[in-house]
Structures are given as C-alpha cells and as structure tokens.
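Participant: Sharing a sequence plus its predicted fold:
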Amino acid sequence: MRIGVIGAGAWGTALAQVAAHGNRPVRLWARDPAVAEAINTTHANPLYLPNIALSPSIEAVSDPAAMAEMDALLVVTPAQAVGAVLATMPVGTKPLVLCSKGIEAGTRRLVGEVARALHPDAPIAVLSGPTFAHEVAAGLPTAVTLACEEPELRKALSARIAAPHFRPYATDDVTGAEIGGAIKNVLAIGCGVVEGAGLGQNARAALIARGFAEMTRFGLARGGRAETLAGLSGLGDLVLTCSSTASRNFSLGVGLGQGRSAADLLADRRTVAEGAFTAPVLRQAAAEAGVDMPVCEAVCRLLEGAAVGEVIGALLARPLKAEGQ
Ligand SMILES: NC(=O)c1ccc[n+]([C@@H]2O[C@H](COP(=O)([O-])OP(=O)(O)OC[C@H]3O[C@@H](n4cnc5c(N)ncnc54)[C@H](O)[C@@H]3O)[C@@H](O)[C@H]2O)c1
Ligand SMILES: O=P(O)(O)OC[C@H](O)CO
C-alpha cells in the first residue's frame, strides 16, 4: 500500500517518518514548495520538526496531482484547511485516513463529514491519540486509535501504519475517535490557564475529570461510544495534552492564564493551536445538541478576553449537582 501524506507540518512529517519505517517509500505533500525542497535536499523539516533526521525514502511534493499514484492518503492539515485542501486532491476511491483534530467553523462538521461530502466514494478512517509529533518522529513508544468502519480496510491500514514503536488499536467508532481528539484541545487550553494563573494541581485534575464528563456527554450525543471516548483518542489524548507545555493548546492557555490576550498569543505562532478554533464551534454544536459543557464554555469566554478570576469564580459558583449528571 503506497502511502501519501497531505500536510508537511509537525504531525504530517512525523507520520511520514512512521510510514517510511524500513525504508518504505512515502510521498509527503507540502503546501509550500520551499518546505518540499528542504525535505528532499536535506532530509529534514527544520521549520516544523526541528532536530529530526528524516528517512530518505520520504519524497516531498507540492503538486496535488502527484498524490494520484498513492493507494491511501493520510490527511494532516489544520482542521480548518481540510476542506479546501481535499478539494484539490485526486482522491476518487482512495481511503482517506483523517489525522487532523477539530470541527469546521461555520458548518460545525467533523473532519470526517467534510471529507465524505467532498469525496463520497472514498472510505474514511481516523487516526488519533496521545501523540506529540516530535516524540513519534524520534521513535519513542506511542499507541493510537485507528478507526474505520470497514473491517478489511481497518486491518490493512493498521498493518501498514504499525511500526515497532507505533502501535495502532482498532475500532469501528469513527465518530467517537474524532470527537475525543477535537474536544481535548479545548480542554487543554483550560488546563493551561490553570497552570498559567497558578491555580494548582487540584484544579487541573478537576478540570480534566469534569472536562472528560463533557467530552463523553457530547460524544454520546453525536453517536460516539463511551469505550472510545475513554480510550487513546479521548481520555488518553486529554491526559497528555492537559499535562505538558509541549502541547501548543496547553501553552496557549498558559499565556491566557498569565494575562495575555488570545489575539496576541495566536499572532505570535506559526504552528496551529486547534482548540482556539474548535472552542467557539463546539459552543454552537453543544447548544444545538442540547449538551451542557460549562468547562468548554469557560474556555470560550477566556479566549474572548474574560478575566480568569471571573470565569473560574462563575464555574465554581454553579449550583451543586450529582457527579454523574
Ligand atoms: N503536532 C502534533 O503533535 C499533532 C499530533 C496529532 C495530531 N495533530 C493534528 O494534526 C493537524 C496538523 O497539525 P500539525 O502539528 O502538523 O500542524 P503544524 O502547525 O505543525 O503545521 C501546519 C501545516 O499545515 C499547513 N497549513 C497551514 N494552513 C494551511 C492551509 N490553509 N492550507 C493548507 N495547508 C496549511 C502548514 O503549511 C503546515 O505544513 C492538527 O489538526 C493537529 O491537531 C498534531
Ligand atoms: O500540541 P497540541 O496541543 O496540538 O497537541 C498535539 C497532539 O494533538 C497531542 O496528541
């Protein structure tokens, strides 16, 4: 199975490195021809994945037509760009493995829904989980969820993507896998705020647990399964992203907690912090689904510039309730 990877940011490049394990050929599409050129000539991607020597069997391209010869495509652009980029790709009946984490602004569609609408003949899979790109690219042990409704394809993709340090766990719950990855980014911003404002480890653990309850309520309402939300792509990724400044979302929250504005913090970065885009869409989608998500709502208010003390005070002052509610 010839693998093509769409998007040469940190995660696309790391996944190309995994798929190139054992010198298997992989084609990596970069939007910027200069990034493709650098990868082909130096076998490195210093802009997005510094200090990693890439396999020479990764061939970078910047012409979408070059992906026509591939058997399966991993989609790894920022979530808000997936629709525009996939519209230019020669997809047909090639399986699309969605690796971006987010919900599309405006339409409130999950990335899988965006892909299905554009390429109805392409089978869909989702690869998601606790995966800092630099660790994966460095060959550190990692496990992910690989979701696909078609058993034969699920098996074939798992076998092709697995490497000695990279272990996919299979499920048919595509929606559950997508929702965990999208929502954990919003919650990670909240945990970063807790860190930046010095609110303590108890508050961070409370936010992770109550945030997970929100993720589960929303995921079940959208047709995901509890076991997936409690797995690698949900709880696993939530714990990772809520625990480390290696996370762009957590770091954004740290800045907010220290009193900087979201506009300033986002203007400062080249790389994507998906939670900032997902939070306002999730607020609308939760209202539409009739799901109460107070922690995610608090993150929206913080991104809009509300004061940390006021937002945390309002969260704590909500009426007392049973834990299972
Ligand atoms: N970095 C990680 O550790 C990691 C791990 C798992 C999943 N993800 C997810 O993968 C997706 C991509 O993240 P990343 O870390 O590779 O991002 P990144 O910030 O490292 O790179 C973004 C890439 O997308 C390209 N890009 C930006 N805007 C674009 C547009 N409008 N059209 C086409 N291309 C565009 C950039 O040129 C760059 O190549 C995100 O949804 C992220 O949540 C990231
Ligand atoms: O750096 P973040 O916050 O985008 O997180 C990266 C990955 O999604 C972690 O699994």
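Facilitator: Thanks, I have the structure now. This is a predicted model, so every value here is computed, not measured. Ligands and ions are numbered 1, 2, ... in the order given.
Participant: only C-alpha atoms for contact and neighbour calcs from this point on.
Facilitator: Will do.
Participant: okay, the most centrally placed residue in the chain: pLDDT?
Facilitator: For the chain, residue 101 is the residue whose C-alpha lies nearest the centre (CA atoms, centre = their mean; 2.8 Å). In the predicted model, residue 101 carries a pLDDT score of 98.
Participant: Isn't it up against residue 182?
Facilitator: Yes: here residue 101 lies in contact with residue 182, judged by CA atoms under 8 Å, at a distance of 4.7 Å.
Participant: shared neighbours, the two?
Facilitator: Counting by CA atoms under 8 Å, 6 or more residues apart in numbering, the shared contacts of residue 101 and residue 182 are residue 274.
Participant: Tabulate the CA atom coordinates of stretch 258-274 in CSV.
Facilitator: Provided in CSV are the C-alpha atoms of stretch 258-274 (Å, rounded to 0.1, in the frame of the first residue of the first chain):
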residue,chain,number,x,y,z
GLN,A,258,-0.7,34.9,32.7
GLY,A,259,-3.0,37.7,31.4
ARG,A,260,-2.0,37.9,27.7
SER,A,261,-4.7,38.1,25.1
ALA,A,262,-5.6,35.3,22.7
ALA,A,263,-5.1,37.6,19.7
ASP,A,264,-1.5,38.4,20.8
LEU,A,265,-0.7,34.8,21.6
LEU,A,266,-2.1,33.5,18.3
ALA,A,267,-0.4,36.2,16.2
ASP,A,268,2.9,35.1,17.7
ARG,A,269,2.8,31.5,16.5
ARG,A,270,3.4,29.7,13.1
THR,A,271,2.0,26.4,14.3
VAL,A,272,-1.6,25.6,14.9
ALA,A,273,-3.4,25.6,18.3
GLU,A,274,-6.6,23.8,17.1
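Participant: from the middle of its chain, how far away would that stretch be?
Facilitator: Distance, stretch centre to chain centre, for stretch 258-274: 17 Å (CA atoms, centre = their mean, to the nearest Å).
Participant: One more: stretch 98-112?
Facilitator: Using CA atoms, centre = their mean, the offset of stretch 98-112 from its chain centre is 10 Å.
Participant: end-to-end on it?
Facilitator: 7 Å (CA to CA, to the nearest Å).
Participant: Report the buried residues of that stretch.
Facilitator: For stretch 98-112, the neighbour count (16 or more other CA atoms under 10 Å) marks 98-105, 108, 110-112 as buried.
Participant: And for stretch 194-214?
Facilitator: Going by 16+ other CA under 10 Å, stretch 194-214 has these buried residues: 194-197, 204, 207-208, 210-214.
Participant: Tell me who's in contact with residue 67.
Facilitator: Contact analysis of residue 67 by CA under 8 Å, 6+ apart lists 4, 27, 29, 89-90.
Participant: Sort out which of those residues are buried, if you could.
Facilitator: 4, 27, 29, 89-90.
Participant: Just put the residues you listed in CSV and tack on pLDDT and distance to ligand 2.
Facilitator: Shown next, in CSV, are those (pLDDT from 0 to 100; distance: CA to the nearest ligand atom, whole Å):
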residue, pLDDT, distance to ligand 2
4, 98, 20
27, 98, 22
29, 98, 20
89, 98, 24
90, 98, 27
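Participant: Run through the residues of the stretch 51-200 of the chain sitting next to ligand 1.
Facilitator: When proximity is defined by CA under 6 Å from any ligand atom, the stretch 51-200 of the chain lies next to ligand 1 at 76-79, 81, 85, 99-101, 131-133.
Participant: what residues are up against residue 232?
Facilitator: Contacts for residue 232 (CA under 8 Å, 6+ apart) come out as 128-130, 143-145.
Participant: Now it. Nearest residue, chain neighbours left out?
Facilitator: residue 129 (4.9 Å; CA to CA, 6 or more residues apart in numbering).
Participant: The one you found touches residue 233, doesn't it?
Facilitator: Yes: at 3.9 Å, residue 129 and residue 233 qualify as touching, with contact defined as CA under 8 Å.
Participant: and stretch 133-146, anywhere near ligand 2?
Facilitator: No: using CA under 6 Å from any ligand atom, we find that stretch 133-146 stays clear of ligand 2, coming within 7.0 Å at best.
Participant: got the contact list for that stretch?
Facilitator: 10-11, 13-15, 17-18, 49, 52, 125-131, 154, 158, 165-171, 177, 231-233.
Participant: What residue in the protein comes nearest to ligand 2?
Facilitator: residue 247 (3.4 Å; CA to the nearest ligand atom).
Participant: Now do the phi/psi pair for that residue.
Facilitator: phi -80, psi 130 (degrees, to the nearest 10).
Participant: quick one: contacts for it?
Facilitator: 132, 241.
Participant: Could you tell me the average pLDDT over stretch 46-58, please?
Facilitator: The pLDDT scores in stretch 46-58 average 96.
Participant: Kind regards, and thank you for your time.
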